[in-house]
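build me a model:
(chains A and B)
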Amino acid sequence: MNEERKIKVLVCKPGLDGHDRGAKVLARALRDAGMEVIYTGIHQTPDDVVNTVIQEDPDAVMLSMLSGSHNALCPLIMEKLKEHGIDDVLVAVGGIIPDEDKPFLEKHGLKGFQGPGTDLKTIVEFVKNNLKR
Amino acid sequence: MDYSNLISQLLKGNPRAAARLITFVENDIEAAEDIINSIYEHTGNAYILGITGAPGTGKSTFISTLIKIYVDQGKKVGIICVDPTSPLTGGALLGDRIRMKQHFSLDNVFIRSMANRGQLGGLARATEDVIKILDAYGCDIIIVETVGVGQSEVDIFKSAQTVVVLLVPGLGDDIQAIKSGIMEITDIFVVNKMDLQGADKKIAEIKQMLEFRKNYKYDSKDFSEKYAKIELWTPEITKVNSKTGENFVELLELIEKHKLFLEESGVISNYLKNRITNETIQILKHKLTEKVEELLSSDKEIGKYIDQAIKRSIDPYSMANLIIKMLGLE
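Residues are numbered from 1 along each chain as shown, chains lettered A, B, ... in the order given. A predicted model of the protein is given here:
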């Protein structure tokens, strides 16, 4: 009897921003959708994020960013993941991401871009439909 | 599936290979069988330290401080944190890493969160397998954090060499200290948050409880091999502050003392025997349950027995005996 495969998601907040309400609401919503959610809290460096991805082996990483540092930190995270040969994990960023920054982030392989007011069901469906494995 | 590449990477100390293999043993018991079969000869080297206690007693913060000390000693540390799965949705929120944010290096610290996936007892079904993977990965010490426990989640005592139970001041009175369950399987009691009022009172209550147990032990001649680990050791007790690291030197001495006791008294062989027996029983239970469920869903004759049981012409015990016969296990 094989147990049902669980979707494992890492929710974290890179950078110096401490506004974690959104991340917590998201973590709760994904949990209620039957996923196993690892929440690492605020103030994560790109190395912290990548180390956690290596050790926890999640199917998806949800970065919550409201500080405006997404253009600096997200590509760095993607680069470091690639260095470790990790290319089968969905990496999404949400929070406050201006429209004009999306093409740049997309080019680095990021997805999502859900902002405040997004229906939680939309995000749950997004995760389910965009898994890479 | 062929795991040999991942396994050879694991044995070289590749963290990503360890993580992938852990995912496989968590999700699929048949994968676990293959993987454990291949790595078993490389395990048995790590010291397993179990940390348990009620929710909010500070287990994760305590472990965070412990990791730092062991890393400074040059040890490679594996940490398994178990959190509960929702009985309603099957989801889980694994939040132990929040307290372990000291930017540990990937080379000597490996932290893995696990949902218990409905398993009672404080651990997950695959925890024993994950311990083995981290052991083969090269960890010198593996710290297992149970879910926040109540009173009866005692599985950790079967898996770990040393069990530390965390208590905090102000939770429960002296009656709690003499109840059955986790208070009986403890090797070292730690009153965490020692800066809070009531820490010394808590220690006094535990000491009183231990005194009583000691006296009782001298009277009783009977001695079960299964519980030698508990019966031959008088639990130690200390208080710490996990945030400041206060008193951790003393705590580490106590852990060393227990480790030494296990080896010098020979109880370690006793522990190993019990652990392997228990593990095998768990695997057997799983396999037999699987076979029985298969039989129940496919065999028409059993359908007839069930109908008879509903009509009260056969009882569930007799039906169980019939199934044992059908499985050829009589």
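
write out the residues of chain A neighbouring chain B.
Those residues of chain A that sit near chain B, judged by C-beta under 8 Å from any C-beta of the partner chain, are A:1-6, A:8, A:27-28, A:30-41, A:43-45, A:47-48, A:51-52, A:54-57, A:84-86. Every C-beta, even on glycine, is put in place using the N, C-alpha and C of the backbone.

and stretch B:138-157, does that touch chain A?
No: Stretch B:138-157 is not in contact with chain A by C-beta under 8 Å from any C-beta; minimum separation 12.3 Å.

same check, this time on stretch B:3-11
No: using C-beta under 8 Å from any C-beta, stretch B:3-11 stays clear of chain A, coming no nearer than 10.9 Å.

picking that back up, derive a ChimeraX selection command for the buried subset of the residues of chain A next to chain B.
Applying 16 or more other C-beta atoms under 10 Å in any protein chain shown to the residues of chain A next to chain B leaves a buried subset, and the ChimeraX line that selects it is:
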select /A:6,8,27,28,30,31,32,33,34,35,36,37,38,39,40,41,44,45,48,51,52,54,55,56,57,86
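
residue A:118 - that's part of a helix, no?
No: looking at residue A:118 with DSSP: H, G, I helix; E, B strand; the rest coil, it is coil, so not inside a helix.

count of neighbours near it?
As a burial measure, residue A:118 scores 15 neighbours (other C-beta atoms under 10 Å in any protein chain shown).

does it really touch residue A:92, like I thought?
No: here residue A:118 does not reach residue A:92: they are 11.6 Å apart, not a contact under C-beta atoms under 8 Å.

what mean pLDDT does the longest helix along chain A have?
The longest helix of chain A (DSSP state H) is helix A:70-83. For helix A:70-83, mean pLDDT rounds to 97.

flag every buried residue along it.
For helix A:70-83, burial by neighbour count (16+ other C-beta under 10 Å) applies to A:70, A:73-78, A:80-81.

check stretch B:66-82 too.
If you call a residue buried by 16+ other C-beta under 10 Å, then stretch B:66-82 has these buried ones: B:66-68, B:70-71, B:75-82.

do stretch B:233-251 as well
Using 16+ other C-beta under 10 Å as the test for burial, stretch B:233-251 gives B:233, B:235-242, B:247-248, B:251.

report the separation between the residue of the stretch 201-330 of chain B found nearest chain A and residue A:32.
Nearest residue of the stretch 201-330 of chain B to chain A: residue B:290, at 5.0 Å (C-beta to the nearest C-beta). Relative to residue A:32, residue B:290 is positioned 30 Å away (C-beta to C-beta, to the nearest Å).

what's around residue B:195, how many residues?
Using other C-beta under 10 Å, residue B:195 has 12 other residues around it.

and the pLDDT for it?
Here, the pLDDT recorded for residue B:195 equals 94.

all helices for the stretch 51-200 of chain B, in order.
Under the criterion DSSP state H, counting those that start in this stretch, the stretch 51-200 of chain B contains helices at B:59-72, B:127-137, B:156-159, B:174-177, B:199-219.

can you redo the ones you listed as JSON lines with distance to residue B:324?
Listed next are the helices of the stretch 51-200 of chain B as JSON lines, based on distance: least, C-beta to C-beta, whole Å:
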{"stretch": "helix B:59-72", "distance to residue B:324": "42"}
{"stretch": "helix B:127-137", "distance to residue B:324": "27"}
{"stretch": "helix B:156-159", "distance to residue B:324": "26"}
{"stretch": "helix B:174-177", "distance to residue B:324": "42"}
{"stretch": "helix B:199-219", "distance to residue B:324": "40"}
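
just put these in TSV and tack on mean pLDDT.
TSV is the format used below for the helices of the stretch 51-200 of chain B (pLDDT from 0 to 100):
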stretch	mean pLDDT
helix B:59-72	95
helix B:127-137	97
helix B:156-159	88
helix B:174-177	61
helix B:199-219	76
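
which ones are touching residue 66?
Defaulting to chain A. By C-beta atoms under 8 Å, 6 or more residues apart in numbering or on different chains, residue A:66 lies in contact with A:17, A:19, A:22, A:95-96.

please refer instead to chain B.
By C-beta under 8 Å, 6+ apart, the contact set of residue B:66 is B:143, B:248.

from chain A, how far off is it?
Counting by C-beta to the nearest C-beta, to the nearest Å, the gap from residue B:66 to chain A is 18 Å.

and the contacts of residue A:66, which two are furthest apart?
A:17 and A:22 (10.4 Å; C-beta to C-beta).

for those two, indicate the residue with more neighbours.
Shown here are residue A:17 and residue A:22; by other C-beta under 10 Å, residue A:22 has more neighbours (20 against 17).

pLDDT score for residue B:226?
pLDDT at residue B:226 comes out at 63.

repeat for residue B:52
92.

run a quick neighbour tally on it.
28.

tilt between the longest helix seen in chain B and helix B:127-137?
Scanning chain B for the helix with the most residues, using DSSP H, yields helix B:267-298. Orientation check (axes from the mean of the first three to the mean of the last three C-alpha atoms, to 10 degrees): helix B:267-298 against helix B:127-137 gives 130 degrees.

same for helix B:267-298, what does it pack against?
If you count contacts as 3 or more C-beta pairs under 8 Å, 6 or more residues apart in numbering or on different chains; DSSP states H and E, helix B:267-298 packs onto helix B:156-159, helix B:228-231, helix B:248-265, helix B:316-326.

where in the chain is pLDDT low?
I'll assume chain A. Scanning chain A for pLDDT under 70 picks out the ranges A:1-4.

um, chain B though
In chain B (pLDDT under 70), the answer is B:172-180, B:213-229.

now do the same contact list for residue 40.
Here I'm looking at chain A. Contact analysis of residue A:40 by C-beta under 8 Å, 6+ apart lists A:10-13, A:48-49, A:52, B:97-98, B:101.

to clarify, I was referring to chain B.
Taking C-beta under 8 Å, 6+ apart as the criterion, residue B:40 is in contact with residue B:132.

ok, now residue A:61?
Here residue A:61 is in contact with A:9-10, A:12, A:49, A:53, A:89-92 (C-beta under 8 Å, 6+ apart).

next one: residue B:129 from residue B:21, what distance?
Separation of residue B:129 from residue B:21 (C-beta to C-beta): 9 Å.
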